[in-house]
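A.B. asks: This is a predicted model, with the sequence first.
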Amino acid sequence: MEKRELTCINCPMGCRITVTMQGDDIISVEGNTCKRGYLYACNEVRTPVRTVTTTIRVEGGEVDRISCKTKEPVPKEKIFEVMEAVNKASCRAPVAIGDVLIPDCAGTGIPVVATKAVSPA
Amino acid sequence: MKADIVIVGGGPAGLAAAIAAAKEDNTLDILILERDHELGGILNQCIHNGFGLHTFNEELTGPEYAARFESQLDELGIRYMLDTMVLDVSSNSVTAVNSKEGVFTVECGAVVLCMGCRERPRGALNIPGLRPAGVFTAGTAQRLVNIEGYMPGKEVVILGSGDIGLIMARRMTLEGAKVKAVCELMPYSGGLKRNIVQCLDDFDIPLLLSHTVIDIKGKERVTSVVIAEVDERAKPIPGTEQEISCDTLLLSCGLIPENELSREAGVEINPATNGPVVNESFETSIPGVFACGNVLHVHDLVDYVSEESGRAGRSAARYVKNKGNGSGPVIKVKNGAGVRYTVPSSVRTSELEGDLIIRFRSGGVYRDSYIDVLFDGVSKIHRRKPIITPGEMEQVILKNEDLEQAPSEILIRITEN
């Protein structure tokens, strides 16, 4: 049996939640004070995901760098692989918000899209 | 030059105020004056997500949130001038300067102050030690990394656990820096819980509560900082010092509304917020001068900035249209025990748009306590709250029909169980 300690992010209470696991099965969730905390803890121990937001190099634009994000949250353990892939990539102006800059980032199947527009220089 | 309404600052507050004013009366000539080379203000460097959950029901990044407002601005044909610094404000004119027009004055019917806030710098914190390079405010580092594409350092200590500091702890880590610790003087963090978990815990960055920086070392560049635990009076405890080698110290120690123009104009300032004292219409002590956003009080959610600024913009539009204010009884809003300030601080029932939202911050952390609203000493709202912290803005909504009884005073306080 494995115990996982989490802090709930749903409200300022920040309940300390202890999840007891047997392999992939959740045996118990303790410390939460509401249902949202229970759901958060279950998702967080099974499939923790995060949206990665960063910047990407621009060629031929009026600025050299624009912001971008993974269109959907990616598995938490893939965050640094996503960062490496974005830092190696670049895009060419013009770019509009929502344009796909990397179709499948670091094998996650999730695209990286622009969050800022840039016009050609 | 002439305009019906001049808006000082084109960040989230200025954009929302301008759009709301134009929607209230599309014949009005509205002019935004912005000192940067683009609109959007601080949103441009806030590339993380979490913006817009209340306004658009989805999670946007800062630049995306700003772009939504900018496209509305274009649709409404609202004028703006970039690279333009406002020098002086009064109720019927604004003087500004830029490199094309030189110094110029815009005569106007109303002004909306949307200058935002700035970070408390090292000089205001009295941190002892040497003066090497490598000490930045968290917001400066954010601009360097996210807009200029320049990493300010490799080994980082962060003082202050405000949201910008937490966000930058994650950002610097993602870009390959080692964030060694976040020190917080108070026994609790001023940042949102979500940021503590997703920016620090996710990357095993230690948050040291009741700790501060007592020395900065290094001749040309920071080589280390000395931190120490502090007692209840925030004094360093001898024997708890530890030296952390690093090349960068980021400061996230509070935001100060930028009210030089307001003070110069004679606007009354609330010492608790360092922002103007306003009524229900977000009008300052000078008729025709309105204020909203972080220049008024520092917000933790941009959605609330947009909403309040919409109210300020509509009020400015009505002020210009009606050539002045409605008159009627004024209700004072007072802060009682545990409440540091309220916005607004007075209410004219004749000017209400509907229900009244009063926002406030607590002076400390309260668990399992009550928010009380009293009309002339009589309890009107008695609401249990599991937790109230200074880092999260609170609000009460008062029904319009309840306010028609027109008490002379509304008191808001926190009652401990």
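C.D. replies: Here it is on my side, so go on.
A.B. asks: residues contacting B:Glu241?
C.D. replies: Counting by Cβ atoms under 8 Å, 6 or more residues apart in numbering or on different chains, B:Glu241 touches B:214, B:226-228. The C-beta positions use only the backbone N, C-alpha and C, and glycine is treated the same way.
A.B. asks: Now the buried members of the residues you listed.
C.D. replies: B:214, B:226-228 (16 or more other Cβ atoms under 10 Å in any protein chain shown).
A.B. asks: Is it possible to get these out as TSV so that each row also shows pLDDT, secondary structure and distance to A:Thr7?
C.D. replies: Converted to TSV, the buried ones among the contacts of B:Glu241 look like this (pLDDT from 0 to 100; DSSP: H, G, I helix; E, B strand; the rest coil; distance: Cβ to Cβ, whole Å):
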residue	pLDDT	secondary structure	distance to A:Thr7
B:Ile214	96	strand	29
B:Val226	98	strand	29
B:Ile227	98	strand	23
B:Ala228	98	strand	26
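A.B. asks: residues from the stretch 251-400 of chain B in reach of chain A?
C.D. replies: B:386-389, B:391-392 (Cβ under 8 Å from any Cβ of the partner chain).
A.B. asks: So which of these are in helices?
C.D. replies: Counting by DSSP state H, none of the members of those fall within helices.
A.B. asks: In the record's domain split, what are the boundaries for chain A?
C.D. replies: Chain A breaks down into these domains under automatic domain parsing: A:2-46, A:53-114.
A.B. asks: average pLDDT for the last one?
C.D. replies: Per-region confidence: domain A:53-114 scores 97 on mean pLDDT.
A.B. asks: By neighbours, which of the residues of the stretch 251-400 of chain B next to chain A wins?
C.D. replies: Within those, most neighbours by other Cβ atoms under 10 Å in any protein chain shown means B:Ile388, with 23 neighbours.
A.B. asks: Name whatever forms a beta bridge with that one.
C.D. replies: B:Tyr366 (DSSP bridges).
A.B. asks: if I pick it, what's in contact with it?
C.D. replies: B:Ile388 sits next to A:12, B:338, B:362, B:365-366, B:369, B:371, B:394, B:414 when contact means Cβ under 8 Å, 6+ apart.
A.B. asks: What is the most widely separated pair among the residues you listed?
C.D. replies: A:Pro12 and B:Gly338 (15.2 Å; Cβ to Cβ).
A.B. asks: possible to save the contacts of B:Ile388 as CSV with pLDDT and distance to B:Arg118?
C.D. replies: Shown next, in CSV, are those (pLDDT from 0 to 100; distance: Cβ to Cβ, whole Å):
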residue, pLDDT, distance to B:Arg118
A:Pro12, 71, 26
B:Gly338, 96, 28
B:Ser362, 95, 24
B:Val365, 90, 26
B:Tyr366, 93, 29
B:Ser369, 96, 33
B:Ile371, 97, 31
B:Glu394, 94, 25
B:Ile414, 96, 29
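A.B. asks: Looking at A:Pro12 and B:Gly338, which is more packed in?
C.D. replies: B:Gly338 (20 against 16).
A.B. asks: Run through the residues that contact the more buried one.
C.D. replies: Counting by Cβ under 8 Å, 6+ apart, B:Gly338 makes contact with B:362-364, B:366, B:369, B:388, B:413-416.
A.B. asks: So which bits of the stretch 1-150 of chain B are right by chain A?
C.D. replies: So far as Cβ under 8 Å from any Cβ goes, the stretch 1-150 of chain B lies against chain A at B:44, B:47-49, B:59-64, B:67, B:145-149.
A.B. asks: Of these, keep whichever come out buried.
C.D. replies: Buried subset of these (neighbour count, 16+ other Cβ under 10 Å): B:44, B:47-49, B:59-64, B:67, B:145-147, B:149.
A.B. asks: which non-adjacent residue is nearest residue 96?
C.D. replies: Unless you meant another one, I'm taking chain A. Closest residue in space to A:Ala96, ignoring its immediate chain neighbours: A:Ala117 at 5.2 Å, by Cβ to Cβ, 6 or more residues apart in numbering or on different chains.
A.B. asks: Actually, chain B is the one I wanted.
C.D. replies: B:Val86 (4.6 Å).
A.B. asks: how close does B:Asn49 sit to A:Lys69?
C.D. replies: Per Cβ to Cβ, to the nearest Å, B:Asn49 is found 6 Å from A:Lys69.
A.B. asks: meant to ask about B:Arg348, not that
C.D. replies: Distance from B:Arg348 to A:Lys69, by Cβ to Cβ: 44 Å.
A.B. asks: who has more neighbours, those two?
C.D. replies: Between B:Arg348 and A:Lys69, A:Lys69 has the larger neighbour count (other Cβ under 10 Å), namely 26 against 19.
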